[in-house]
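> Structural data only, the sequence is not supplied:
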Ligand code: 13P
């Protein structure tokens, strides 16, 4: 894979007013969501659910790439077609989550570091052979008194940069995801301050490791007040704070920015993304990168509840997937309206 080919894939992932579908929940996370929705937690149920998502009619109109989990990339549709082939036929680039999860960070009670660097070169090689063309690694940064620590930020930034360099060596576009969590009572300003610190540390580490910014995607959190904060800022205030934070920290060379949803309500995530793109498209905007989505819950959650593990509900659940994906596509053009939810 040449440098130019990698850059082309990164650009395709954020082009044409499309975004990413994250469907890479690990088995424990997927099972937790299934249990909450009253769905059996079996390999077959996970396979059937992923088949539902990726065979949604019209998915490729809104979705440029889908992030899979290790179990999923090896699975097949009921008719025997591999999932990688199903996505490719739908015009969707297959991607793969390659981190092995956030584990307790030694010496830093309450904080996490994402593991998975050992043996990663060989795993990336295998995923490339299976057809993956991009990858994802998520770091988790929690907010609390005295948190995040410098140690937590530095360890996670270093791991993200090592992962990204290995991906580019293997011919995979890295999606670099440092997630500052929404949990807590903090105000928006505190999230902005921490997100800025984290992004500066991440780009410093990426530079140190020689990562080609043109061939990577940043997957950040939006700048938000904590879920438990009594003052919830408006859609416009969130959009302003997020864009300002990114302008201060993300080099213009980065191919694109694809937000995670992080547990926001689906409609709110679309509205906030829309407000950011309205700013980006306005005359005085300076944001140099496409601002797209890489949502899991904010696309899937309504569909999961409708499906409920029953074959008879597949078509209705797919309509819900398509609806959320198309609302988010509209948001990339600044054309999302609350009325679309009740059309
Ligand atoms: P959410 O959109 O549900 O936050 O998931 C995105 C993701 O990929 C988490 O790693």
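It's in. Just so it is clear, the model here is predicted, and its values are computed rather than measured. Numbers count the residues shown, from 1 in each chain.
> The closest residue in space to residue 97 that isn't next to it in sequence and the ligand, how far apart?
Excluding the flanking residues, the one nearest residue 97 by Cβ to Cβ, 6 or more residues apart in numbering is residue 24, at 3.7 Å. Every C-beta, even on glycine, is put in place using the N, C-alpha and C of the backbone. From residue 24 across to the ligand, the span is 6 Å (Cβ to the nearest ligand atom, to the nearest Å).
> From what I see, residue 24 and residue 294 are in contact.
No. Applying Cβ atoms under 8 Å as the test, residue 24 and residue 294 come out as separate, 10.0 Å apart.
> For the two, list the residues in contact with both.
residue 67 (Cβ atoms under 8 Å, 6 or more residues apart in numbering).
> what's across from the residue most central in space within the chain in the sheet?
The chain has residue 294 as the residue nearest its centroid, 3.7 Å off, counting by Cα atoms, centre = their mean. Going by DSSP bridges, residue 294 is paired in beta bridges with residue 20.
> how far away is it from residue 104?
Using Cβ to Cβ, to the nearest Å, one obtains 26 Å as the distance from residue 294 to residue 104.
> got it, and residue 202?
Between residue 202 and residue 104 the computed distance is 21 Å (Cβ to Cβ).
> Which residue is the nearest non-sequential neighbour of the residue in the stretch 101-250 of the chain that the ligand sits nearest to?
Ranking the residues of the stretch 101-250 of the chain by distance to the ligand (Cβ to the nearest ligand atom) places residue 138 first, at 4.1 Å. Nearest residue to residue 138 in three dimensions, chain neighbours excluded: residue 177, at 4.3 Å (Cβ to Cβ, 6+ apart).
> Check the contact between that neighbour and residue 139; I expect there is one.
Yes. Residue 177 is within contact range of residue 139, at 6.7 Å (criterion: Cβ under 8 Å).
> Enumerate every residue touching the residue nearest to residue 97.
67-69, 72, 95-97, 136, 296.
> out of these, which one sits closest to residue 330?
Taking Cβ to Cβ as the measure, residue 330 lies nearest residue 296 of the contacts of residue 24, at 19.3 Å.
> Contact partners for the closest one?
Counting by Cβ under 8 Å, 6+ apart, residue 296 has contacts 21-25, 260-261.
> hang on, residue 308 packs against residue 34?
No. Checked against Cβ under 8 Å, the pair residue 308 and residue 34 is beyond contact range at 9.9 Å.
> Of those two, which one has the most company?
Using other Cβ atoms under 10 Å, the more surrounded residue of residue 308 and residue 34 is residue 34, with 20 against 13.
> Spatially, which residue comes closest to the more buried one, not counting chain neighbours?
The shortest distance from residue 34 to any non-neighbouring residue, by Cβ to Cβ, 6+ apart, is to residue 41 (5.0 Å).
> and what of residue 117?
Per Cβ to Cβ, 6+ apart, closest to residue 117 is residue 162, 5.6 Å.
> Am I right that the one you found is in a helix?
Yes. Under DSSP: H, G, I helix; E, B strand; the rest coil, residue 162 falls within a helix.
> Count the neighbours of it for me.
Other residues close to residue 162 by other Cβ under 10 Å number 19.
> what do you get for residue 33?
18.
> separation between it and residue 6?
33 Å.
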